[in-house]
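**Q** model this:
(chains A and B)
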Amino acid sequence: MSAGVSQVSGACVPIPGDDIDTDRIVPARFLRCVTFDALGDALFRDDRDRSGDTPHPLDDARYSEATIIVSGRNFGCGSSREHAPQAVVRAGFRAIIAESFAEIFAANSLAIGLVCAEVDASTREELFRRIAADPAIRVELDLAACRVRADGFEAPVRLPDAARIALLDGSFDPLTELLANHDAVARVAHALPYLAWTSR
Amino acid sequence: MSGTLFEKVWALHRVGTLADGRDQLFVGLHLVHEVTSPQAFAALRERDIAVARPDRTFATVDHIVPTTDRHRPLRDDLAEEMLAALQANTAAAGIPLFDEQTHRQGIVHVIGPELGLTLPGMVICCGDSHTATHGAFGAIAFGIGTSQVRDVLATQTLAIEPLRVRRIWLEGELREGVFAKDVALHVIRTLGVHGGVGFAYEFAGPAVDAMDMEARMTLCNMSIEGGARVGYCNPDETTFAYLAGRPYAPSAGDWDAAVAWWRSVASDADATFDDEVRLDVSALAPVVTWGINPAQAVAVDESVPTKGTGAAIDEALAHMQLAGGAPILGTPVDVAFIGSCTNGRLSDLEAAAEVIRGRTVHPRVTAIVVPGSQQVDAAAREKGLDAVFRAAGFDWRLPGCSMCLGMNPDRLVGDQVCASSSNRNFKGRQGSPSGRTLLMSPAMVAAAAIAGAVVDVSATGGPT
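**A** A predicted model of the protein is given here:
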């Protein structure tokens, strides 16, 4: 079992917009790899290279210390590539606060201990306002209390119960537990008729 | 046992509850490809864990393969490394690999069904978000990431929470020139790209009953584009007829028992759903995306939204270089792509061939056809479709994912506009950061290739 994650605190980088898809988070050409090691630099690569005169938030010096991403609704929609949360982690982030997450992205993030915490639109907007006013503001994500705090501001955050428990007790990587249940797995498999059918 | 197919199949595969409250779910079929598996195999090696059920695991190579020259080593070193890793990993674990030499290679969501690996009542996983395609058969099929690929390789199970079920009841008969792809895009634009998060979609109703299996696969394939990780249709006579005689389908001796069991897992008449949406598709026109997500779509006779009506709309119009409020009809295209796990099957190629027969691709347009599998390729050649496409000026390529996501050399260049039968129009999706994608049915892509612009294939039967 890994170490549990009960809180994440640090500076934030705002990535505005809804429906930020995995092709933007890691463009497909960077999936040509057999390890995840070099993906940090691929994070939002095309958006960053095409941002023009205004630097992309990830290249904005004001946010260079950020360890938390803040974004809009349906973050991580699109493909099942775990490369996306892997790139987020390898670029130095430990949590994402967004209005909602795509399901596979959230599952992939949980598997590697990357916190995905949901907030209301009003909380996201307030965080954006406070980050804009003070880019170095420290935001604290408290998973035990399900709260986000930032310099006197406080609001609820939501995580699925199982994800929150798994993060708190460090069991987010379930492989050991899955392996331990081999007898129960065998019973379920035995009861499935299609595993006994012969093909042509 | 009464309930939805989802509830029944889930219950049959549920091993137990894990400490964090998630279910441990048994996976009846695990499909593997070269992009999302190498790190999973490496993790197993690190922990000295063997693949639990190589007999329930099947692999192919689809995302990175070139569609022209496949001589080894592949010209792209990274692609070669991934293919070599897949070959080594599957050989070491005793997992069957459908590579080119088997004549069964193809896009993972095309070959599973055509080989009869995909069966009703199964839980099916693959490290690919379009795994819901297999739901067309009445399977609970969903995409997973690499850590979960590892879990399934190691235990044939994974940790997951159950979904709620939304029935999408589709009524009415589709007009000539309107296809399952149009229905899928219509559902997504109606419910939004995030509307299905937390749901499995059950597609049902007279319009679904009337669809053949390839149309149902197209419909289920795009569930994830509406946020739903799972989409399925109940198995029926159409399903059983498709499966009969396929290589991995049950043998004659097991067939009757299999059909009886498949019927038993279908949703019951008195099943209750967490949500229901009813749509009448009888007046539906072909649907075309204009923006940078699949919900940003209009009927072909409609106009794109006007500027200043939302940040997401403005961002999409800017990327697409479209004038707000302009009709989508007549939008010039540079590239036409027919293929992908959404629309790379025989009936898709037939529908497109009908449109282009005896016509010529517009001089500005680069047009390619990428069959979904070697078997689709062979069947299409047998019908002479390759000759029809070639005569019209299309390039006929070798099977794979190709320009759906541009992981191989098939990519848009600069800000080219592509009429595409694929599933995603995200910024940069087709391999060029500034490339522009218009999603539509294969027949609509074919018509656009001939006209050099978006036209309404349902109104005219294609360009003249």
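
**Q** near chain A, which residues of the stretch 251-400 of chain B are found?
**A** B:251, B:253-254, B:257-258, B:261, B:293, B:311-312, B:315 (C-beta under 8 Å from any C-beta of the partner chain). To be clear about C-beta, it is placed using only N, CA and C from the backbone, and glycine gets the same treatment.

**Q** which among the residues you listed end up buried?
**A** Burial by neighbour count, judged by 16 or more other C-beta atoms under 10 Å in any protein chain shown, picks out B:254, B:258, B:261, B:293, B:312, B:315 from those.

**Q** and the two most separated of the residues of the stretch 251-400 of chain B next to chain A?
**A** Longest distance between any two of those is 60.9 Å, between B:G253 and B:A311; criterion C-beta to C-beta.

**Q** hmm, who's touching the helix or strand where B:V376 lies?
**A** When elements are defined using DSSP states H and E, B:V376 is found to belong to helix B:374-382. Residues from elsewhere that reach helix B:374-382, judged by C-beta atoms under 8 Å, 6 or more residues apart in numbering or on different chains: B:100, B:103-106, B:110-111, B:114, B:344-346, B:349-350, B:371, B:386, B:398-399.

**Q** which PyMOL command selects the buried ones in the residues you listed?
**A** The buried residues among the contacts of helix B:374-382 can be selected in PyMOL (16+ other C-beta under 10 Å) with this line:
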select buried, chain B and resi 100+104+105+106+110+111+114+344+345+346+349+350+371+386+398+399
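
**Q** now intersect the contacts of helix B:374-382 with the helices, please.
**A** Those of these mapping onto helices are B:110-111, B:114, B:346, B:349-350, B:386, per DSSP state H.

**Q** which one of those residues sits closest to B:P433?
**A** B:V110 (28.1 Å).

**Q** ok, now which ones touch the closest residue to that closest one other than its chain neighbours?
**A** Among residues not flanking B:V110 along the chain, B:G372 sits closest, at 3.6 Å (C-beta to C-beta, 6 or more residues apart in numbering or on different chains). For B:G372, the contacting residues are B:106-107, B:110, B:339-341, B:344-345, B:348, B:399, by C-beta under 8 Å, 6+ apart.

**Q** low-confidence ranges, chain A, go.
**A** Where chain A drops to pLDDT under 70, the residues are A:1, A:200.

**Q** longest strand of it?
**A** Counting by DSSP state E, the longest strand found in chain A is strand A:7-15.

**Q** wondering if that strand reaches chain B at all.
**A** No. For strand A:7-15 and chain B, the contact criterion (C-beta under 8 Å from any C-beta) is not met; the two come no nearer than 13.1 Å.

**Q** list the buried ones in that strand?
**A** Using 16+ other C-beta under 10 Å as the test for burial, strand A:7-15 gives A:8-15.

**Q** so what touches that strand?
**A** A:44, A:57-58, A:60, A:63, A:65-71, A:94-95, A:97, A:115, A:127-128, A:131-132, A:135-144.

**Q** weed out the non-buried ones from the residues you listed.
**A** Buried, going by 16+ other C-beta under 10 Å: A:44, A:57-58, A:63, A:66-71, A:94-95, A:97, A:115, A:127-128, A:131, A:135, A:137, A:139, A:141-143, out of these.

**Q** just those residues: which are in helices?
**A** Counting by DSSP H, these place A:127-128, A:131 in helices.

**Q** mind listing what A:I20 touches?
**A** Contacts of A:I20 by C-beta under 8 Å, 6+ apart are A:71-72, A:74-77.

**Q** what is the nearest of those residues to B:M440?
**A** Distances from B:M440 to these, taken by C-beta to C-beta, are shortest for A:C77, at 20.6 Å.

**Q** what about the nearest residue to that closest one once chain neighbours are set aside, how many neighbours?
**A** Among residues not flanking A:C77 along the chain, A:A102 sits closest, at 4.0 Å (C-beta to C-beta, 6+ apart). Applying other C-beta atoms under 10 Å in any protein chain shown, we find 31 residues neighbouring A:A102.

**Q** ok, now which ones touch A:S80?
**A** Here A:S80 is in contact with A:104, A:108, B:36, B:127-129, B:131, B:143-145 (C-beta under 8 Å, 6+ apart).

**Q** on that earlier part again, between the contacts of B:G372, which is nearest chain A?
**A** Chain A has its nearest neighbour among the contacts of B:G372 in B:C341, at 11.8 Å by C-beta to the nearest C-beta.

**Q** just to revisit the earlier point, which pLDDT value goes with the residue nearest to B:V110?
**A** pLDDT recorded at B:G372 is 98.

**Q** filter the contacts of strand A:7-15 down to the ones in strands?
**A** Residues from the contacts of strand A:7-15 lying in strands, with DSSP E as the criterion: A:66-71, A:95, A:97, A:115, A:139-142.

**Q** using TSV, lay out those residues together with distance to B:L405.
**A** Output for the ones in strands among the contacts of strand A:7-15, formatted as TSV (distance: C-beta to C-beta, whole Å):
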residue	distance to B:L405
A:A66	29
A:T67	30
A:I68	29
A:I69	24
A:V70	28
A:S71	23
A:A95	28
A:I97	29
A:V115	28
A:V139	34
A:E140	38
A:L141	33
A:D142	39
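
**Q** now do the longest helix seen in chain B, average pLDDT.
**A** Looking across chain B with DSSP H, the single longest helix is helix B:77-93. Taken as a whole, helix B:77-93 has an average pLDDT of 97.

**Q** which ones are touching B:T289?
**A** Taking C-beta under 8 Å, 6+ apart as the test, what B:T289 contacts is B:185, B:296-297, B:425, B:437-440.
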